[in-house]
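A.B. asks: Let me see the structure of the following:
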Amino acid sequence: MQYQKFKFNGYAIPFQDFIPLLKFLYSNCNSISSIIFKFSEVNFNINNYSLVEECSTQMIVSQHNLKKISFGIFYNLNLYNPFLSLKNSNCSNTLNTIVFYFINFKNIINILREVFDHLNVLESIHLINCNYLNSNFVQQIIKVIKPFKLKSLIIHEILHIESLLLLLQKCGYYLENIRYFYTNVLDDNNIYLIIKNNQHNINYLTIAVKFYEYDTVYNELSSTVLKNLGQILSPKLEYLCLVLLFNTSDLEIFLKNSQNTFIKKLLIRNIVMYGDGDGDFNILFYIKKYIMKKERVKYLAILEEDELFFPKKEVNEFKLYNIIVQKYHDLCIYNYSYIINNYLQY
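C.D. replies: Numbers count the residues shown, from 1 in each chain. Now for the predicted structure:
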């Protein structure tokens, strides 16, 4: 039997069904080129963990033409043997893409170098909201002899800036997609240093405050972003998404500082804080002045209390300047689905 792609979603398949399915596939299919593992511990009894790990490992080892693989949300499942099997399988000369999604690297930290040095044609590595990206992780990656081609780095906070900067010294040249979700650390300027040092190869950038965290000081965080970001952007970006509490004075600073940057897709989500006088709902005037009239974007989405997309008069005005206004959620790139659709598809 021949399949090009296998997507295993542990959320959707009951345990009693997927183990027989995995056994059938690794016994009968050896030409799968793309495997996506996405596990949920809620479907597993702790006594079944070893069986899940064994079947996942066998699934990888049985393949002769595996080119792309994604490990997602392993929780208490041990990734050690499935990951190590990449070294011991037939894919050392075929595997070109690996995605790690919500993976804790603690259990595989000691085999990172060993495995990556056996992958001879690896072209694309993606880290999405992973844990244990500390000095131990970075030291293992630095020791990897082959290029570590990190294309996507999506993180919610920077805990080990020195280690992260060392990692980017090794692989920052390859980085295309960086997304950072701000916490409540007001003096965290590390993200700007990372962007500045890698500005010429970053094409996709998202910076957002966690507006569902009630203790976040939205106005100070947002002000810090708008005052520091514009001047370090590259001359051309494919995608910029800002989820902030905007005020017009800081927004104008950002727009002036970034006036030499063309952005293909610009998304602005202005956080609405009822009862807070720091936000501003009159940002459209500045968007028109610095973005629309200078034709600095191709696609635009703005979400405040209402969408910019719905007043057709506004949409038509932007169209006169060759700017296409879209719905925010239609234009927004969602991390996991974007990586899967763009790097694990044929």
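
A.B. asks: Okay, strands next: where are they in the stretch 151-300 of the chain?
C.D. replies: For the stretch 151-300 of the chain, the strands defined by DSSP state E, counting those that start in this stretch occupy 177-182, 204-209, 236-244, 262-270, 297-303.

A.B. asks: Now tabulate those strands in JSON lines and tack on mean neighbour count and mean pLDDT.
C.D. replies: In this view, the C-beta of every residue, glycine as well, is placed from N, C-alpha and C. Output for the strands of the stretch 151-300 of the chain, formatted as JSON lines (neighbours: other CB atoms under 10 Å; pLDDT from 0 to 100):
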{"stretch": "strand 177-182", "mean neighbour count": "22", "mean pLDDT": "71"}
{"stretch": "strand 204-209", "mean neighbour count": "22", "mean pLDDT": "86"}
{"stretch": "strand 236-244", "mean neighbour count": "20", "mean pLDDT": "93"}
{"stretch": "strand 262-270", "mean neighbour count": "20", "mean pLDDT": "96"}
{"stretch": "strand 297-303", "mean neighbour count": "20", "mean pLDDT": "97"}
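
A.B. asks: how about CSV for those strands, with distance to residue 18 added?
C.D. replies: Below are the strands of the stretch 151-300 of the chain laid out as CSV (distance: least, CB to CB, whole Å):
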stretch, distance to residue 18
strand 177-182, 31
strand 204-209, 33
strand 236-244, 35
strand 262-270, 37
strand 297-303, 38
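
A.B. asks: Would you mind telling me which of these is nearest residue 118?
C.D. replies: strand 177-182 (25.8 Å; CB to CB).

A.B. asks: Could you report the separation of residue 64 from residue 85?
C.D. replies: 14 Å (CB to CB, to the nearest Å).

A.B. asks: Which one's more surrounded, those two?
C.D. replies: Taking other CB atoms under 10 Å, residue 64 and residue 85 do not tie; residue 85 has more neighbours (19 against 12).

A.B. asks: Got the domain ranges for the protein?
C.D. replies: 1-175, 181-346 (automatic domain parsing).

A.B. asks: For residue 234, see how far away the residue positioned nearest the centre of the chain is.
C.D. replies: The residue lying closest to the centre of the chain (CA atoms, centre = their mean) is residue 154, at 3.9 Å. Counting by CB to CB, the separation of residue 154 from residue 234 is 19 Å.

A.B. asks: Likewise for residue 290?
C.D. replies: Using CB to CB, residue 290 is found at 18 Å from residue 234.

A.B. asks: repeat for residue 152
C.D. replies: Relative to residue 234, residue 152 is positioned 17 Å away (CB to CB).

A.B. asks: So the two - more neighbours on which side?
C.D. replies: Set residue 152 next to residue 234 and count neighbours by other CB under 10 Å: residue 152 wins out with 23 against 17.

A.B. asks: My guess is the more buried one contacts residue 126. True?
C.D. replies: Yes. Residue 152 lies in contact with residue 126 (CB atoms under 8 Å); the separation is 3.9 Å.

A.B. asks: Can you pull the residues that touch both of these two?
C.D. replies: Residues touching both residue 152 and residue 126 comprise 177, 339, 343, with contact defined as CB atoms under 8 Å, 6 or more residues apart in numbering.

A.B. asks: ok, of those residues, which one's closest to residue 318?
C.D. replies: Nearest to residue 318 among the shared contacts of residue 152 and residue 126, with distances taken as CB to CB, is residue 177, at 26.4 Å.

A.B. asks: in stretch 122-134, what counts as buried?
C.D. replies: 122, 124, 125, 126, 127, 128, 129, 130, 133 (16 or more other CB atoms under 10 Å).

A.B. asks: what's the first-to-last distance across that stretch?
C.D. replies: 23 Å (CA to CA, to the nearest Å).
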